[in-house]
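Trainee: All I have is the shape, not the residue letters:
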């Protein structure tokens, strides 16, 4: 294994060994405290442009499942068609793996997809640096190629445009209810969750004008990067909201786009929420949920207009975790009810959305 | 949010430590009491375990040292009138008692509200049939079991399911009376035993080889749920989770598997209606996502204590708050203090729990591991690689291992068979197999241990081999050195691997490696357990050390070697006092040393020093990060203790409150110029070293039993010619692992030595004169600069020959001469002065009339310190700690002879868990726990103590024909075999009393004759060897005609051993109380014949 150095923007460096594809790389360095789910996280398009640090030290234990594709075109075990993270940074990569469903090792997969992976890093110390300084850019350098220095930019890039689908894709065609899914970098499990509930999914590119399409509800997907780069999507959404009161649900980037369309503003969190253990409380209730999260930006609740209200809040830092409209069936969550990876406790939000599609007339607010 | 009607709450403790129910409940109970106290609720605790932290002053408002049985609990409820009761914090003992109180409508009668999980939910999880029904309602798969009420039904169920099957007794703790049966013959045997513990026996299909996974789940009354931790067993299903190495979090589950089981756990806890904490155990198919729920424990458990320590999430504390009506959203994360308690900890390390067995202490015990628990303690190791964690853990269990590799080679004839039939040597057998070239696949096929674990173990062995191949320490480069340290190698293991240890003294070799490694800049770094994987800063100092923390380097010199990154900053102000803990619970060292450690920490804190604890036992209170300023959850090896000392640069180290482990480190620490507080290391050595101690006693004119360390049979015979039989023989433990024993004649001596020892120059046998019918007396004391400041003298009820840890002890002494006391004080003063003791110490004496002999002296706290401290109401450890800190102390005015009450300490045995072990007491300790009860007179105290350790007054329901009211109890049957002449005479008065009180006596040959000769009516019964003669003692036991067995072993002859063994073992297996000592039997019989339970006044500790 080649010796590598992870060099952060502020000059801090960590030494480790390469176990993935041997190529210097740069990106925004973010940490994720989930203890499992590396195949799902690596293929999550929201990690585009980022180097993912796993705080749980032992990684690779159960290998990687086969990259099989289902009839509907969706990967069986993965969250998109490829690895989106720029690199994976771990403490103790497990060369040997053991699992009945594993087809290859994490190292082999990374090499196949030409993604660097480094191990032997004190990821706890690295996380502390990121926590204190905030997320920053970093580079993985190969010690035997000191002059091969990669460059990259994270902020100011429209990552959504890079990962979104390029044309309309339909799933479960002919189902009684149709949902337009705005693909900002959608995870497969959002599509699976919708299909499983018997609706047709019309997946459209992030800047596609769907206002002329015939559909029953709108779903705004997750995606990478800064929502302020997605004004086009916000404009289309505003247009739609003016002409239709059909149900809207958003997740993650979807929450931020909906908030922006409503008139609220977005800010960047110091080091984001990337984990499986984020506690959220439904505003005005005693109901709390453990959620899976992956975002670096948040909605500023204070800027929500009067006809909107916070739906969920984060119980650790009080940041916004979802919004809803006071009259219309429009709501969104900053966390990931589709999980994959992470806890599945909030999957009921999909049920609520589909219920709204089916019985719009009976709708009288959320009852959980 | 809290229910404001609750002003006073009763908490039930778990009683004596026993296999399956140990120190973890002191931890959970203490946490619950702390949670209640915070709310201003008055707390009442019933727990006879006097050595616990929870029964210390200030933890609960009122403490009752009484048996946790419905009878006594009702009396306390009557007196205290609490509004609420907590049942989930005292293990199965408290839970069972609570269910009985509920079923007998006692709680209803006194209007006591069960806080937390409702009793019906408890019953739904405990009653197997209800449990399965309940989970069927929500389509959750369980292991279908057939509840059977007769052996016939059990046989039918088994043949329907197909063998192998597993058998369990319903309502039994930790798998008591359960096991696997491969055929009908095995089923017959096991089922009978199971029926003796429970009227209901469950027969289930066995899922041997499946993974075993546990989740700790919390729910509040608003239906908010979290899973705090999941854990994976290293061993597959089939080995009780208490017997298995366990890792947290799970290592081999994918995201979808983890969350499938997590979601199920939440579904289950919601459906059952738990409020508080519970544990869900799964069997999980290694080849698919299929699962079965094994069981749900609707209470705090050993696993929840482990999970709390593994994650930093205080489950018991939170569960108690939820029981009071709080929601999880009301509570804060107790580590960050800023984030919510409603969250799931993210670990950034791996923990490894390893059980500790003491099977070597038991004659005849079955060593095979199975579905019932035999281990007496456990350790938890923390690392950032699995290799690091497991190697640390293997050292921590304190059985002479240096880690996974570098140990004395295990001698096994048939490795295949050993792999298939796991014993307490499980991991070593795996090492042996890997070492002998077995492939991972082969080992997996034989053991079903997941290959991932085996691969990791292989990594350790590979590194060891690589070190060996380097051949010399100078050929070990920094890369290899670092890898070895990251994989948890000690400096000693490295020294041994490269052959350095065979060239020079082991300690010097180790030091050399340490120096070299430091030069390479390879040092451990200190990391915090913070519940959130560094996402938020932690406010507590819950720490461990790891080599997987290389730190960072500055950018201007990317090539420079990294600076170590510790999670905490060191002050270097010399205000730290390090207390060394007591390690894994084992026979001879358990909760009492935890109490001592905690008292030391409290005293240090109170006096303005920084209290620092090093310990690794997850079952303890001393490893609760709230108990000290810094907790290092790490090894008590010389290497690790030195690492910490070098970082802390402490004012001093306390080695005298943690039992033998820290005591043994004293000399080596001293040679590194570590400031040891209190008695000097040299004095400790003078007391520990048999020769030096003996010479000192001679010098100051104190007598001791004649002894000699001998290296040949001839020498032994010569010595015995001089002193005469009986003698106490102590073979070298290292070599034989055998216990010491008393030999009364040549035949016994030769058989025992053959059995136990290889006598050699290197491993001498210590033979000492055994003084029969001597009283054994203990002196627990605290001295300052050689002068005794406070002391407590206590007296064994049994004569010498029963290990002091097994003996029943009365304090203050009730039956020793004033002259004896005077002499004890005199001798103790001399010893204290000679050894210049500053701190706690203990001396054991033999008294032959008024002639005293010293058996041993320990310059540290002893097992009985909490007992005498609490009975005397004078905290001897606080006093000792102050002395060690150099603070002024005053001689307490209290005198033990002024006490108007008496304390009795009785021992708890766990023979029922140790299949086939001979339940007989001897000079080696066998008890797993103890209780201490206080009474206005000896009988009251003794009755409470004996009932607390599982004895029963031998009464039975009146036969229907007698016409008495239902529920009336009448005297039952008692089987007597009272051993040799002297003991028979000892027991005569007791036998007379029994008859006078209407008990029916059954007696074997000699005893029967003796009783008849003395005019005591009895029924003659026959020994198992007297075949064909009726009635047979064993038959009477099986037919439940006997309610108590007194069986005093006569001698070590083969016939006696077999006969007596069979009866003793049957008594244990059939759950009939057994006493094997005539003095104790007499005292107990006298107590229950002269005093009825209703006469015992119900008094709290503070009321004496």
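Mentor: Yes, it's here. Remember, predicted model here, so these are calculated numbers, not experimental data. Numbers count the residues shown, from 1 in each chain, chains lettered A, B, ... in the order given.
Trainee: rest of the way, CA atoms for contacts and neighbours
Mentor: Will do.
Trainee: pLDDT of stretch A:53-68, averaged?
Mentor: Across stretch A:53-68, pLDDT averages out at 98.
Trainee: in that stretch, what counts as buried?
Mentor: A:53-65 (16 or more other CA atoms under 10 Å in any protein chain shown).
Trainee: Residue B:59: what's its closest spatial neighbour, skipping adjacent residues?
Mentor: residue B:33 (6.5 Å; CA to CA, 6 or more residues apart in numbering or on different chains).
Trainee: Distance check, that neighbour against chain A.
Mentor: From residue B:33 across to chain A, the span is 26 Å (CA to the nearest CA, to the nearest Å).
Trainee: ok, how many other residues are close to that residue?
Mentor: Residue B:33: 27 surrounding residues under other CA atoms under 10 Å in any protein chain shown.
Trainee: Report pLDDT for it.
Mentor: 98.
Trainee: Identify the residues contacting it.
Mentor: The contact partners of residue B:33, taken as CA atoms under 8 Å, 6 or more residues apart in numbering or on different chains, are B:11, B:43, B:54, B:59-60.
Trainee: Residue A:183 too?
Mentor: Counted by CA under 8 Å, 6+ apart, residue A:183 has contacts A:164-165, A:203-206, A:220-223.
Trainee: most surrounded residue in the residues you listed?
Mentor: Highest neighbour count within the contacts of residue A:183: residue A:222, with 31 neighbours (other CA under 10 Å).
Trainee: Tell me where the longest helix sits in the chain.
Mentor: Went with chain A since none was named. In chain A, assigned by DSSP state H, the helix with the most residues is helix A:231-243.
Trainee: wait, chain B
Mentor: Per DSSP H, chain B has its longest helix at helix B:451-470.
Trainee: That one close to chain A?
Mentor: Yes - using CA under 8 Å from any CA of the partner chain, helix B:451-470 reaches chain A at B:451-452, B:455.
Trainee: Next, count neighbours for residue B:399.
Mentor: For residue B:399, using other CA under 10 Å, the count is 11.
Trainee: An error on my part: the question was meant for residue B:629.
Mentor: 18.
Trainee: Nearest spatial neighbour of it, chain-adjacent residues omitted?
Mentor: With CA to CA, 6+ apart as the criterion, residue B:629 has its nearest non-adjacent residue at 5.2 Å, and that residue is residue B:611.
Trainee: Across the sheet, point out what pairs with the one you found.
Mentor: Note on residue B:611: beta-bridge partners by DSSP bridges are residue B:577.
Trainee: Show me where chain A dips below the pLDDT cut-off.
Mentor: A:360-368 (pLDDT under 70).
Trainee: Name the single longest strand found in it.
Mentor: Scanning chain A for the longest strand, with DSSP state E as the assignment, gives strand A:266-282.
Trainee: Paired strands for that one, with orientation please.
Mentor: Paired neighbours of strand A:266-282 in the sheet (DSSP bridges): strand A:288-299 (antiparallel), strand A:308-314 (antiparallel).
Trainee: Could you list the residues of the stretch 401-550 of chain B in contact with chain A?
Mentor: Residues of the stretch 401-550 of chain B lying close to chain A by CA under 8 Å from any CA are B:450-452, B:455, B:532-536, B:548-550.
Trainee: Of those, just the buried ones, ChimeraX syntax please.
Mentor: The ChimeraX command for the buried members of those (criterion: 16+ other CA under 10 Å) is given here:
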select /B:450,451,452,455,532,533,534,535,536,548,549,550
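Trainee: And the residues of the stretch 401-550 of chain B next to chain A, which is closest to residue B:362?
Mentor: Comparing these against residue B:362 with CA to CA places residue B:450 closest, at 31.8 Å.
Trainee: coming back round to it: and the next element down the chain from the host helix or strand of the residue nearest to residue B:59?
Mentor: Using DSSP states H and E, residue B:33 sits in helix B:24-38. Counting by DSSP H and E, the next helix or strand C-terminal to helix B:24-38 is strand B:42-46.
Trainee: gap between that following strand and the chain center?
Mentor: Centroid displacement of strand B:42-46 relative to its chain, using CA atoms, centre = their mean, to the nearest Å, is 24 Å.
Trainee: next one: stretch B:684-701
Mentor: Distance of stretch B:684-701 from the chain centroid (CA atoms, centre = their mean) equals 32 Å.
Trainee: again, but for stretch B:963-981
Mentor: In this view, stretch B:963-981 has its centroid 33 Å away from the chain centroid, taken as CA atoms, centre = their mean.
Trainee: same question, stretch B:661-678
Mentor: 26 Å.
Trainee: same thing with stretch B:527-536?
Mentor: Chain-centre distance of stretch B:527-536: 30 Å, with CA atoms, centre = their mean.
Trainee: Stretch B:484-494: end-to-end distance?
Mentor: Criterion CA to CA, to the nearest Å; first-to-last residue distance in stretch B:484-494 is 8 Å.
Trainee: Can you name the residues in contact with it?
Mentor: The contact list for stretch B:484-494 (CA under 8 Å, 6+ apart) reads B:385-392, B:402-403, B:405-406, B:460, B:463-464, B:467, B:501, B:506, B:509-511, B:513-514, B:546-548, B:639.
Trainee: Tell me the buried residues in it?
Mentor: B:484-494.
Trainee: Next step: those residues restricted to strands.
Mentor: Among the buried residues of stretch B:484-494, DSSP E puts none in strands.
Trainee: Tell me the residue of the stretch 101-250 of chain A that sits nearest chain B?
Mentor: Residue of the stretch 101-250 of chain A nearest chain B, by CA to the nearest CA: residue A:122 (4.9 Å).
Trainee: what about that residue, how many neighbours?
Mentor: When neighbours are defined as other CA under 10 Å, residue A:122 has 25 of them.
Trainee: From residue B:202, how far off is the residue of the stretch 251-368 of chain A found nearest chain B?
Mentor: Evaluated by CA to the nearest CA, the stretch 251-368 of chain A has residue A:316 as its residue closest to chain B, separated by 4.5 Å. Counting by CA to CA, the gap from residue A:316 to residue B:202 is 46 Å.
Trainee: who's more crowded, those two?
Mentor: The neighbour comparison of residue A:316 against residue B:202 (other CA under 10 Å) goes to residue B:202, with 25 against 18.
Trainee: Need phi/psi at the more buried one.
Mentor: phi -110, psi 130 (degrees, to the nearest 10).
Trainee: Then residue B:381?
Mentor: phi -110, psi 140.
Trainee: One more: residue A:355?
Mentor: phi -60, psi -40.
Trainee: and it, how many residues sit next to it?
Mentor: Neighbours of residue A:355 (other CA under 10 Å): 15.
Trainee: Please tell me how far it sits from residue A:247.
Mentor: 10 Å.
Trainee: now do residue A:41
Mentor: Using CA to CA, one gets 29 Å for the distance from residue A:41 to residue A:247.
Trainee: ok, these two, which is more surrounded?
Mentor: The neighbour count for residue A:41 versus residue A:247, taken as other CA under 10 Å, is higher for residue A:41 (26 against 21).
Trainee: wait, what's in contact with the more buried one?
Mentor: Residues in contact with residue A:41 (CA under 8 Å, 6+ apart) are A:47, A:79, A:340-341.
Trainee: how does it look with 7 Å?
Mentor: By CA atoms under 7 Å, 6 or more residues apart in numbering or on different chains, the contact set of residue A:41 is residue A:341.
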